[in-house]
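Participant: Requesting a structural model of the entry that follows:
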Amino acid sequence: MTIREAIAASERPLIGMWCCSGSPLVAEICAGAGMDWLLIDGEHGPNDLGTILAQLQAVAAYPVTPVVRVPANDPVRIKQVLDLGAQSLIVPMVSSVEEAQAAAAAVRYPPGGIRGVGSALARSGRWNRVEGYLADGDAHVSLIVQVETMAGVAAAAEIAAVDGVDAVYVGPSDLAASMGLLGQQTHPDVTAAVLATFDAVRGAGTAVGVNAFDPHAAQRYLEAGASFVTIGADVTLLARGAEDLAARHTSPTPGSRRKG
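Facilitator: Here you go, the predicted model:
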């Protein structure tokens, strides 16, 4: 199931998390946790084509929708990730109609796009075992473009209206940086820009999602009409959990003293 189909079929917003570790074992653990979707990150995580493939295989047995974020709006890498069998993609740093059109062309076969034809060699078409895969290629792929700059916010309505764009995903971290507020994802000005993007995208009749690790921000965005959100990541859960475990067992308790 593509993320487009999952959004359409759900009566509530989809809740997801990031898989950034590059580990198929960790991805499988996350897949069984009860999330609706997983974002396998090829932009900032230590993922390559091999680890992305392994994670897609690891989560395939679970009722969760995997989405792969490619590192850039690059038709070669997009083609390769699609051929691995990824059905849903996030393309980062889309700030204009032209960039959104380029992403849409990259996920489509000619004449509607420029995706290279290699389904006989690829997991995407099950090595020519999916009847009519080439003719029905668009039905097998869902495209999300990521708006994460002020230029993208300004063009959000036009980006959302591009043929082939199924959803827009807002990235507050880079958006904050583009606003001169590096590291301040929940700053009121950043939140206002996110909500303005929501209004523009939804006004175009397109689904909108957002990354929101802060639970209060996540709730606000859900109430504002987000169709899908990410609320955490494998690596951050491990980091914070390990720190909490260490703090609870290494901090001295009242009245204790070291032996010496």
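
Participant: What helix or strand is residue 16 located in?
Facilitator: Using DSSP states H and E, residue 16 sits in strand 14-19.

Participant: Given that strand, what are its sheet partners and their directions?
Facilitator: In the sheet, strand 14-19 lines up against strand 37-41 (parallel), strand 228-233 (parallel) (DSSP bridges).

Participant: Pick the most deeply packed of these.
Facilitator: Of those, the one with the most neighbours on average (mean count of other CB atoms under 10 Å) is strand 37-41, at a mean of 25. (Each C-beta comes from the backbone N, C-alpha and C, glycine too.)

Participant: CA atoms only: put that one into PDB for me.
Facilitator: Listed next in PDB are the C-alpha coordinates belonging to strand 37-41 (Å, rounded to 0.1, in the frame of the first residue of the first chain):
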ATOM      1  CA  TRP A  37       4.100   4.300   8.700                       C
ATOM      2  CA  LEU A  38       7.900   4.400   8.900                       C
ATOM      3  CA  LEU A  39      10.200   6.900   7.300                       C
ATOM      4  CA  ILE A  40      13.400   5.200   6.100                       C
ATOM      5  CA  ASP A  41      15.800   8.100   5.900                       C
END
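
Participant: who does the following helix or strand past that strand touch, helix- and strand-wise?
Facilitator: Counting by DSSP H and E, the element after strand 37-41 in chain order, helix or strand, is helix 49-59. Where contact means 3 or more CB pairs under 8 Å, 6 or more residues apart in numbering; DSSP states H and E, helix 49-59 is packed against helix 24-31, strand 37-41, strand 65-69, helix 75-83.

Participant: any low-confidence regions in the stretch 151-260 of the chain?
Facilitator: Low-confidence segments of the stretch 151-260 of the chain, defined by pLDDT under 70, span residues 253-260.

Participant: What's the separation between the residue lying closest to residue 166 once chain neighbours are set aside and residue 136?
Facilitator: Using CB to CB, 6 or more residues apart in numbering and skipping residues adjacent in sequence, the residue nearest residue 166 is residue 4, 4.3 Å away. When distance is defined by CB to CB, to the nearest Å, residue 4 is 14 Å away from residue 136.

Participant: These two: who's more crowded?
Facilitator: Comparing residue 4 with residue 136 by other CB atoms under 10 Å, the one with more neighbours is residue 4, at 19 against 11.

Participant: host element of the more buried one?
Facilitator: Of the helices and strands defined by DSSP H and E, residue 4 is found in helix 3-9.

Participant: Could you write out the alpha-carbon coordinates of stretch 161-171 in PDB?
Facilitator: What follows is the C-alpha trace of stretch 161-171 in PDB, where atoms were taken according to Å, rounded to 0.1, in the frame of the first residue of the first chain:
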ATOM      1  CA  ALA A 161      -1.100  21.600  -7.100                       C
ATOM      2  CA  VAL A 162       1.600  20.000  -9.300                       C
ATOM      3  CA  ASP A 163       0.300  16.900 -11.100                       C
ATOM      4  CA  GLY A 164       1.900  13.800  -9.500                       C
ATOM      5  CA  VAL A 165       2.400  15.300  -6.000                       C
ATOM      6  CA  ASP A 166       0.300  13.300  -3.600                       C
ATOM      7  CA  ALA A 167       1.200  15.100  -0.400                       C
ATOM      8  CA  VAL A 168       3.400  17.800   1.100                       C
ATOM      9  CA  TYR A 169       5.600  17.100   4.200                       C
ATOM     10  CA  VAL A 170       6.700  20.100   6.200                       C
ATOM     11  CA  GLY A 171      10.200  20.000   7.800                       C
END
